[in-house]
Every structure is written in structure tokens, then in C-alpha cells.
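**Q** Attaching a predicted model along with its sequence, questions to come.
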Amino acid sequence: MHATRRTGEAEPGSARLLARLSLVCVAGAVAAVVAGAGKSLILLLGLVGLALAGAGIWWALAHRGIARFVGALLAVVAPMAVLVLFAVSGLWLVAVGAVAAWTAALACARSALRRQRKPHGMHSRSTRRPRRPVLIMNPRSGGGKVGKYGLVERAEALGARVILLDLDTSPDPVALARQAVAEGADLLGVAGGDGTQALVAGVAAEHGLPFMVVTAGTRNHFALDLGLDRDDPTRSLDALTDGVELRVDLGDVAGRPFVNTASFGTYAHIVQSPDYREAKAATALDQLPDLLTGEASTELTAHADEERLQAPQAVLVSNNPYARADPLGGARRERLDSGRLGVIAVRVEGAAQAAEVALLGERASGITTLTPRRVVVESEAELIPVAVDGEALTLPTPVVCTIRPGALRVRVPRHRPGAPYVAPSVDWRRIVRLAFHRAPDPREKNQEHSDG
């Protein structure tokens, strides 16, 4: 029996009302700014302050010593100075009114787009209960969640065989998974980090077996986008007795599977450091100046299908696109079955571009987003660092990333929280069309994945 899980139906009436309300709020924000037009210089200085804060962040990341101190100071002082300036000049009411109106406009616009676009979930199907499931568990993952939640005992009580990794012997999850298949396993699962999940998922896909995720990792990015409960890993075990199956894509980087991302450039260099696991922030601050200025990094060139990306500082290739191109935020993927990779490339060459990113965010010229099917990363170096689902690797160039549509059968609990909604970036042309045109634009049907 097949079933389709939906996250909502279109509400054209309420969507149109919200679109019109968002435009009213935009008019309110404009009116607030016009009310302070007599002090336009101060308003301009406010924008300059934000730009200076962005430049200060760049100096703090890309330099050491006194330059880093000055940059950090500027990043903190500039916004505070803007607030003080607005308060002293009497424009604070104008600023608060404009910000409040603009925030309400964005909230209404995103809510309108959410109702209008007919969102839907991934297809799921009911399958019989596995008879010989095998779960590979990492006892140290997520700060010891396997022991804390008694996952071994709970899984065995449900009929699963548990293989507990002995990390002192450097175990090979792929070899263990292959051995389990040879011994008759009809389901493979992992309670551990995304890196271990990806390796075992590759074996499951190779043999056409269902794969199961137990949310015992630290971040659980893959579990988040599958809609699993990340707060209580014991609920993941419900998939053994009352589960449904999803068909999702599997990424491939140089022949190695990945469920989340393959990162090149700055981040990939940083995670190579043996100190990174214990002191992530300190390691990043120590290495970023040389990496951002190009003194310690290797220049990359990336080809995303026919698009060429010259000398990006960082390239993130994801198994399906992220909803929003925000490399600093907690983004997630709306779907895992689109059959496309996501690419976020970052190139910030100085304080001016850093200021642009501070003002424009993901729309800045230094951030490029693409949704190709194939990515090739090249370099003059024979070997380059790559971070695959958070694991530090060194791979020979060129490195080829592809996607295997529907390659992975994932068994999940029938009843699960679901993936949280990610508000789309607002396209004001769509909002205007929605507010004033009774008949929807036919092109809207093809824009479900363009919101990011």
C-alpha cells in the first residue's frame, strides 16, 4: 500500500489576504522612513554603521593581533553607536516603527507563500516488519547517548541485533555492515554520527536493503531532514515495529557516499587539524586569517554542470539543496528526493564584500547558489582536503560529486515529528502578483524549490 504524506493544502484566499497585508506593512515601513526624511543623513549613517559592523567581522576573522582586536571592537561598537545616534536624534521611534513594520511584512509574505505553494512531503510506503535487523551503534556519539538512553537494550528487546563499535580498535563500519549482510541482515541501521550513517547507508543502497537512522549523533542533520525526533533517540526505534519507507537520494563524492554535505576550501582545511574536535572555535580563529587571504589554502575551481566558479574560498555541495543559502545559519533541506545536488559557494575578498554580506545576506554577490546534478572541483594540487559529513578526508583531484536519485530506502517511524518548516526567501514580485491577481501564475507550480 502506498501513501503520500502532505504537509498542507493551498489556501488561496488566506494567502491573498496575507500578501495584501504584507504590502500594507511595507507601506507602513516606507511611511516611517519618510517621516524621518528630514534627518536622512542620520538614516544613512545607520546603514553605514551596519556595513562597518560587517567589515569589522571580516577584519576579526581575516587578521591577527591588533587588526583582529580592532575589527572585533568595530563589530560590537558600530551597531551600538547607531542605536545611540538614533536615540539622541529622536529617530528611535522612527527606527523601531520601520523595523517592526518591515518584520511584519516579511512574516506575512512568507506565510502567504507558504499557503500558496501547496507544500507536500516525500512519498512513503508501508512495508513489512524486518525479521533480522542489524543496528551499528557508536557508544561515544552525541556525548554517550547510546548508554544514556539504553538504546542497546531497547533495540535488542525489539528483535534487533546490535553491533557496538569498539572505538579503541578503529573499527570499519563498512566491513561490519557487509558482514552483517552476508549473515542475512534484512535491515541496516546506525546510532551514531552522520559520517558513520553515510558509510553504512552506502552498503544498504548497494544491496537494496532498507536503512534506519537512530538519532544518537551530535547534530543529526540527516535525521532532522527525515523528520525524526532528535530529542529522544528511543523514538527512532519505533521504525522497527511500526515503520514506513521513504525513497531518498544519496550523494557521492569520489566514490564515497554522503547523506548531508561534502565541503571544500576553508572549512575542509580547518577540520583537518587534530585540535579541531576539542577546540573548534579556537582552531578556526587560528587558521582563518591564512585561509581567507589565500596564504595557506589551495585555489579551487568548481564546475557545477555548465556553471564555472572561479577561486571560491568555500564550496559546500549538499545531497539535495538547502532551503536557504545561509552558510552561517541553521539551514535545512525541504526534500531529500529532488534528484539534484545543492551548491553554496562563498567568495569574500575584503571588507567591502563582507559589508555587502552584512547588508544583503544570502543575496550578496559573494554568495552563489546552484542546483546541479554534477559538480567537479579542480585544483593545481594533486590532493585537497574535503570534509564529508563532517569527517576530514584528503582526496585526489579532480573530485567529482554526483547524486544517486532514489538510491536509499530509509525506514522511519510511521508517527514522527516531521521536519520543521523553513520560511522561504521573499520574492516581492510573487507577493504583488498574489495580492492583485485572482488567478495564480502557472509558473508558480514550478517554483516549489526556488524559495531558497
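**A** Arrived safely, thanks for sending.
**Q** make it CA atoms for all contacts and neighbour counts henceforth
**A** OK.
**Q** List the strands paired with the helix or strand where Phe264 lies, with their directions.
**A** Element membership of Phe264 [criterion: DSSP states H and E] is strand 261-265. Applying DSSP bridges to the sheet, strand 261-265 is found paired with strand 314-319 (antiparallel), strand 383-388 (antiparallel).
**Q** ok and the helix or strand following the last one relative to strand 261-265, angle-wise?
**A** Using DSSP H and E, the helix or strand that follows strand 383-388 in sequence is strand 391-396. Angular relation of strand 391-396 and strand 261-265 on a 0 to 180 degree scale: 60 degrees, by axes from the mean of the first three to the mean of the last three CA atoms, to 10 degrees.
**Q** Give me the distance from stretch 147-156 to the chain's centre.
**A** With CA atoms, centre = their mean, to the nearest Å as the basis, stretch 147-156 stands 29 Å off its chain's centre.
**Q** whoops, stretch 76-88 was the one
**A** Worked out by CA atoms, centre = their mean, stretch 76-88 lies 33 Å from the chain centre.
**Q** Can you give me the buried ones in it?
**A** 77-79, 82-83, 85-86 (16 or more other CA atoms under 10 Å).
**Q** before we move on, the earlier item: select, out of the strands paired with strand 261-265, the one closest to Pro417.
**A** For those, proximity to Pro417 was assessed by CA to CA; strand 314-319 is nearest, at 21.7 Å.
**Q** Rounded mean pLDDT for the closest one, please.
**A** On average, the pLDDT along strand 314-319 is 91.
**Q** and what of stretch 159-168?
**A** Summarised as a single mean, pLDDT over stretch 159-168 is 91.
**Q** Okay, now it: how far is its last residue from its first?
**A** 27 Å (CA to CA, to the nearest Å).
**Q** Same question for stretch 110-122.
**A** 22 Å.
**Q** before we move on, back to that, in terms of distance to Gly217, which of the buried residues of stretch 76-88 ranks first?
**A** The closest of those, once distances to Gly217 are taken by CA to CA, is Pro79, at 37.0 Å.
**Q** Quick one: distance of the strand or helix carrying that closest one to the chain centre.
**A** Taking DSSP H and E as the definition, Pro79 sits inside helix 65-89. Remark: helix 65-89 is offset 30 Å from the chain centroid, using CA atoms, centre = their mean.
**Q** for the record, mean pLDDT for it?
**A** Helix 65-89 comes out at a mean pLDDT of 78.
**Q** by contact count, what packs against it?
**A** With contacts defined as 3 or more CA pairs under 8 Å, 6 or more residues apart in numbering; DSSP states H and E, the packing partners of helix 65-89 are helix 40-62, helix 92-116.
**Q** same thing but at 7 Å, please
**A** On a contact count with 3 or more CA pairs under 7 Å, 6 or more residues apart in numbering; DSSP states H and E, helix 65-89 meets helix 40-62.
**Q** quick one, helices of this protein?
**A** For the chain, helices defined by DSSP state H occupy the ranges 12-35, 40-62, 65-89, 92-116, 145-148, 151-157, 173-182, 194-207, 221-226, 266-271, 280-292, 351-360, 428-436.
**Q** quick revisit: return the most buried member of the strands paired with strand 261-265.
**A** strand 314-319 (a mean of 27; mean count of other CA atoms under 10 Å).
**Q** quick revisit: return the member of the buried residues of stretch 76-88 nearest to Arg132.
**A** Nearest to Arg132 among the buried residues of stretch 76-88, with distances taken as CA to CA, is Pro79, at 59.4 Å.
**Q** ok, so what distance separates the closest one from Gly243?
**A** Noted for Pro79: a distance of 51 Å to Gly243, by CA to CA.
**Q** One more: Glu206?
**A** 21 Å.
**Q** now Pro312
**A** 42 Å.
**Q** so can I have JSON lines of the strands paired with strand 261-265 showing distance to Gly159?
**A** Output for these, formatted as JSON lines (distance: least, CA to CA, whole Å):
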{"stretch": "strand 314-319", "distance to Gly159": "32"}
{"stretch": "strand 383-388", "distance to Gly159": "32"}
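**Q** so where's the stretch 201-350 of the chain uncertain?
**A** The stretch 201-350 of the chain contains residues with pLDDT under 70 at 269-297, 325-331, 350.
**Q** how about the strands in it?
**A** 210-214, 243-253, 256-258, 261-265, 300-304, 307-310, 314-319, 341-346 (DSSP state E, counting those that start in this stretch).
**Q** Tell me, how many residues neighbour the residue lying closest to Val410 once chain neighbours are set aside?
**A** Distances taken as CA to CA, 6 or more residues apart in numbering place Phe211 nearest to Val410, at 4.7 Å, with adjacent residues excluded. Neighbour count for Phe211, taken as other CA atoms under 10 Å: 27.
**Q** Equivalent analysis for Thr169, please.
**A** Thr169: 7 surrounding residues under other CA under 10 Å.
**Q** and it, how far is that from Leu309?
**A** Using CA to CA, which is the criterion applied here, Thr169 is 41 Å from Leu309.
**Q** likewise Val386?
**A** 17 Å.
**Q** picking up where we left off before, quick one, which of the strands paired with strand 261-265 is nearest to Ala112?
**A** Nearest of these (CA to CA): strand 314-319, 27.8 Å.
**Q** now what about that closest one, what contacts it?
**A** 250-251, 259-267, 341-346, 403 (CA atoms under 7 Å, 6 or more residues apart in numbering).
**Q** try stretch 169-186
**A** With CA under 7 Å, 6+ apart as the test, stretch 169-186 has contacts from 130-134, 165, 196, 199-200, 203, 209.
**Q** try 10 Å
**A** Counting by CA atoms under 10 Å, 6 or more residues apart in numbering, stretch 169-186 makes contact with 129-138, 160-161, 163-166, 187-190, 196-204, 206-211, all of which sit outside it.
**Q** Buried subset of the residues you listed as a PyMOL selection?
**A** Provided next is the PyMOL selection string for whichever of these are buried by 16+ other CA under 10 Å:
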select buried, resi 129+130+132+133+134+135+136+137+138+160+161+163+165+187+188+189+190+196+197+198+199+200+201+202+203+204+209+210+211
